[in-house]
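okay, structure incoming, though there's no sequence with it:
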C-alpha cells in the first residue's frame, strides 16, 4: 500500500517526519499553499487573549501580530503552540482534540480574538466566553498532476487534513481520470471525510482530530492489510 499526504507546507514536512518515525514509507505532495490575507487588527484592548487553530496564524499573520504579542494564546495543539512561542507569544493553554475542546476548557469570563483562515470550523463558546474572528490567511489550490502516476496504480491510502483539500483532491481525481474505487482515504475528522464525497474504496476517520491519532490509524490500516510500508534506513 502506498501512502500519500497532501497538506501544505510546512505541515507537510512535519507529517512526513512523524510518519517515517513510525516506520512508514510515505510520499508527500502539497495540494495547496497557504497565502496571507490582508486584515485589519481590531483594538487589542477589546480582547484578553487569542484563540488560534493553526500555526499558519503566526506564519502568515504579518505585522498586525506585533500589536497582540502581550495577549496569551490558547492553541489547538503543540505545533501551534510552538509556532506561537517562536513568534514571541506566551501560551496559556494547549489542546489535544480540536479547537472546540480548547474553547470548552476555558474558564469564563473571557473575550478572545480568533485569528483564522478563510476556511475554518464553526465554534460554540460556552456562557461567559466569547470571541471575534479575523481572517489572516487562505489556502490556494494546486494541481495533483505530479502525484497522479502514483495514484493511477491504485492501492493507495491518502491522508486528508482539511475539508478544502478533500474537496479539491476529489475534483482533481475526476479531472485526471483517477478511479476513486482504487483509493482509500484517511481523514482527520468526519467533516473532512464527508467533503471528499463518495465512491472511494474506503474512507477512514481518525478517532480524534489530531495528527497523532491520524497516523496511528494509518499504521493500523497498513498492519491490518498485511503490508506496512517501511521507510528505508536513513530516510530523513
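Yep, that arrived. Not measured: the values here are computed from a predicted model. Residues are numbered from 1 along each chain as shown.

for residue 172, helix, strand, or coil?
Residue 172 falls in the helix class when you classify it by DSSP: H, G, I helix; E, B strand; the rest coil.

hang on, isn't it packed against residue 29?
No: using CB atoms under 8 Å, residue 172 is not in contact with residue 29; the gap is 10.5 Å. Where you see a C-beta, it was placed from the backbone N, CA and C, and this is true even at glycine.

which neighbours do those two share?
Residues touching both residue 172 and residue 29 (CB atoms under 8 Å, 6 or more residues apart in numbering): residue 144.

phi, psi of the residue lying farthest from the centre of the chain?
In the chain, the residue that sits farthest from the middle, by CA atoms, centre = their mean, is residue 45; the gap is 30.2 Å. The phi and psi values for residue 45, taken as degrees, to the nearest 10, are phi -70, psi -20.

state the pLDDT value of it.
On pLDDT, residue 45 comes in at 97.

which stretches in the protein count as strands?
In the chain, the strands defined using DSSP state E lie at 2-5, 27-28, 32-36, 49-52, 73-75, 91-94, 110-117, 129-141, 156-160, 183-187, 202-205.

the shortest one pairs with which strands?
Same thing as strand 27-28. Strand pairing for strand 27-28, determined by DSSP bridges: strand 2-5 (parallel).

domain-wise, how is this structure divided?
By the assignment in automatic domain parsing, the chain contains the domains 2-31+143-224, 34-140.

off-centre distance for the shortest one?
Right, the one you point to is domain 34-140. In terms of CA atoms, centre = their mean, to the nearest Å, the centre of domain 34-140 is set 15 Å apart from its chain centre.

ok, now the longest one?
Put simply, domain 2-31+143-224 sits 12 Å off its chain's centre (CA atoms, centre = their mean).

quick one: terminal-to-terminal distance for that domain?
Separation of the first and last residues of domain 2-31+143-224 by CA to CA, to the nearest Å is 14 Å.

does residue 219 touch residue 22 like I think?
Yes: Residue 219 is in contact with residue 22 according to CB under 8 Å; the separation is 5.6 Å.
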